[in-house]
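Undergrad: model the structure of this input:
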Amino acid sequence: MKIALIGYGKMGRMIATVAKERGHEIVCIVDQAVESSQTVSPEEQRLFGNYYSEAFRSADVAIEFSRPDAAEKNVRAAMAQGVAVVSGTTGWNVEALKEEMQNAKCKMNKNSAEQRREQNTGHPGIIWSSNYSIGVNILFAVNKYLARLLQNSGGYSPSITEIHHIHKLDAPSGTAVTLREGIVESRKSAVEQHREPNSVECPIESVREGEVPGIHEVRWESEADILTLKHEAKSRKGFALGAVLAAEWLKGKKGWHTMSEVMEIDN
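TA: From the prediction side, this is the model:
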């Protein structure tokens, strides 16, 4: 599979390593800030380009790990070239793009069969996840399940603590936000079914220290005891592997997809 990389920081380089280990080819790198860096080897330098290059357009999938202030522009630019995207940047308005795509799909469904065929041609797929680690995505599923289990077990209050390296730009982390959304979604559903007072709170504590790849802990506390779910990343390799697995799954598909589909997890 041919892969383009958008963003070539620590994550981008790890993704390149994992992709090559799995037999894939890096055909293009888009990162103006890194392109002129002395840390880039001559071999890597030859791969740098832009969205309009033939090399970028030849990619089956682009994997995007950049900055919150550039992510949406990057994703849109790649999709405009007909290249599917696996995006792992957090801290930007993902939901707006998702809603826009869904509205476009609804409009497309009202058009003639001929128009639909034209619009489907080259329409790229996209996966966005706040975390591509296999372990974290299992944590997401278990987190929702536990929230549902505790719906009738009164007295438990959830909270989340996330710890990351000092270079991380967004706080709270996208992973912590996804965990909180899972709890809120599960608890609200239970509240509506049982017609109980709608009160779902889950504070997040964000800590930035050293070079910590990522620690996430969900804590459920009652007067009697404490239940804890915890994931601790040893390195960035788990995130990179998940992103490459997502790219392999996405190749040739269209529309918006999730990591739960990739992993066949029923959330």
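
Undergrad: verify the stated contact: S130 with S173.
TA: Yes: judged on Cβ atoms under 8 Å, S130 makes contact with S173 at a distance of 7.4 Å. In this view, the C-beta of every residue, glycine as well, is placed from N, C-alpha and C.

Undergrad: between these two, which contacts overlap?
TA: Common neighbours of S130 and S173 are listed as T90 (criterion: Cβ atoms under 8 Å, 6 or more residues apart in numbering).

Undergrad: how about the CA coordinates for stretch 248-258, as PDB?
TA: The C-alpha trace of stretch 248-258 is given here as PDB (Å, rounded to 0.1, in the frame of the first residue of the first chain):
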ATOM      1  CA  GLU A 248      -5.000  -0.800   5.700                       C
ATOM      2  CA  TRP A 249      -8.700  -1.200   6.600                       C
ATOM      3  CA  LEU A 250      -9.700   2.100   5.000                       C
ATOM      4  CA  LYS A 251      -8.100   1.500   1.600                       C
ATOM      5  CA  GLY A 252     -10.700   1.600  -1.100                       C
ATOM      6  CA  LYS A 253     -13.600   2.600   1.200                       C
ATOM      7  CA  LYS A 254     -15.700   5.800   1.100                       C
ATOM      8  CA  GLY A 255     -17.400   7.900   3.700                       C
ATOM      9  CA  TRP A 256     -16.800   8.400   7.500                       C
ATOM     10  CA  HIS A 257     -15.600   5.500   9.600                       C
ATOM     11  CA  THR A 258     -14.500   4.800  13.100                       C
END
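
Undergrad: what residues are bridge-paired with E162?
TA: Note on E162: beta-bridge partners by DSSP bridges are S206, H216.

Undergrad: where does the chain have low pLDDT?
TA: Within the chain, the segments meeting pLDDT under 70 span 105-123, 188-200, 267.

Undergrad: mind redoing it with 50?
TA: Along the chain, the parts satisfying pLDDT under 50 run over 116-122, 197.

Undergrad: ranges for the strands of it?
TA: 2-6, 25-30, 61-64, 84-87, 125-128, 157-164, 204-208, 215-221, 226-232, 255-257 (DSSP state E).

Undergrad: need those strands in JSON lines (columns: distance to E264 and mean neighbour count).
TA: Below are those laid out as JSON lines (distance: least, Cβ to Cβ, whole Å; neighbours: other Cβ atoms under 10 Å):
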{"stretch": "strand 2-6", "distance to E264": "23", "mean neighbour count": "25"}
{"stretch": "strand 25-30", "distance to E264": "27", "mean neighbour count": "21"}
{"stretch": "strand 61-64", "distance to E264": "19", "mean neighbour count": "29"}
{"stretch": "strand 84-87", "distance to E264": "17", "mean neighbour count": "26"}
{"stretch": "strand 125-128", "distance to E264": "14", "mean neighbour count": "23"}
{"stretch": "strand 157-164", "distance to E264": "26", "mean neighbour count": "20"}
{"stretch": "strand 204-208", "distance to E264": "29", "mean neighbour count": "14"}
{"stretch": "strand 215-221", "distance to E264": "22", "mean neighbour count": "19"}
{"stretch": "strand 226-232", "distance to E264": "19", "mean neighbour count": "14"}
{"stretch": "strand 255-257", "distance to E264": "12", "mean neighbour count": "16"}
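
Undergrad: the ones you listed: which one's closest to R13?
TA: strand 2-6 (8.7 Å; Cβ to Cβ).

Undergrad: pull the residues that contact the closest one.
TA: Contacts of strand 2-6 (Cβ under 8 Å, 6+ apart): 12, 15-16, 19, 24-31, 55-56, 58-66, 74, 78, 83, 244, 247.

Undergrad: try stretch 141-158
TA: Contacts of stretch 141-158 (Cβ under 8 Å, 6+ apart): 179, 182-183, 185-187, 189-191, 194, 201-202, 218-224, 227, 229, 260, 265-267.

Undergrad: burial of L245, as a residue count?
TA: Other residues near L245 number 18, with proximity taken as other Cβ atoms under 10 Å.

Undergrad: Throw together a PyMOL command that grabs the buried residues out of the contacts of stretch 141-158.
TA: Filtering the contacts of stretch 141-158 down to the buried ones (16 or more other Cβ atoms under 10 Å) takes a single PyMOL command:
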select buried, resi 179+182+183+186+187+190+202+218+219+220+229+265+267
